[in-house]
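Student: Show me how the following folds:
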Amino acid sequence: TIAIVEEWQKPRILSRSYCIYELHATQQHEINFDIAMNKEEEASFTEAMLKDFDSIATCLAEVDISKAECRKRSEQERILNIIKDGVGISECNGSVIGLLREALLSIGRKELSRIDESERASSKLSNQLALMLMNMGNYEEALPLFRDGVASNRDKYGDQHPHTLIRISNLGSQLKRMGKKEEA
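Tutor: All right, here's what the predicted structure looks like:
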């Protein structure tokens, strides 16, 4: 499944019942998923990913099939009934949000690999990806990003710099979630 996104700030696919239903089916049946954008949108998206990652995560998480529309009201009602009788509205929305988060992580990993290696660990994007992984329960994948970020920021800024302290706090939270309280 490929989602064509014309405007990433307001993806039309997230306001259409059929699109949300198809994204849910993609997630439910573990079908490969990707997002396609034109070059201008991709450049804008990449810029936001590097400078304002939270806006992307927030935008992609605004999924509610009960508020989505179809051209015909009868089709919209039919899709809603299928979802309500099946997994339910909340589960459908959650699966689509999960699918979009996974796609965002994939794009984020690719963008992170493009950042100069000497800057990668201390980049805002690295920290945002680590936080997203932590919030998704991918603790083992998030931990090295947190550790590398702390080490890099210590080398770059010193122990008392706010950037370093934020990374130390994030690492401590991650370790606590993993049950490693003494190490935290």
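Student: need the strands for the chain, in chain order.
Tutor: With DSSP state E, the ranges of strands along the chain come out as 2-4, 34-36.
Student: so which of the ones you listed comes closest to T26?
Tutor: Smallest distance to T26 across those (CB to CB): 8.9 Å, for strand 2-4. (C-beta placed from N, C-alpha, C; glycine too.)
Student: Can you list the neighbours in contact with that closest one?
Tutor: Around strand 2-4, the neighbours that count as contacts under CB atoms under 8 Å, 6 or more residues apart in numbering are 11, 13, 19, 23, 33-37, 103.
Student: Contact partners for E22?
Tutor: By CB under 8 Å, 6+ apart, the neighbours of E22 are T1.
Student: Could you report the pLDDT at it?
Tutor: Looking at E22, its pLDDT stands at 95.
Student: can you check K72 too?
Tutor: 93.
Student: how far away is the nearest residue to I56 once chain neighbours are set aside from H163?
Tutor: Distance criterion CB to CB, 6 or more residues apart in numbering; nearest residue to I56, sequence neighbours excluded, is A48 at 5.5 Å. Taking CB to CB, to the nearest Å as the measure, A48 falls 20 Å from H163.
Student: re earlier: neighbours of the residue nearest to I56, how many?
Tutor: 16 (other CB atoms under 10 Å).
Student: Repeat that for K10.
Tutor: Neighbours of K10 (other CB under 10 Å): 11.
Student: cool, the one 10 residues further on as well?
Tutor: For I20, the tally of surrounding residues (other CB under 10 Å) stands at 24.
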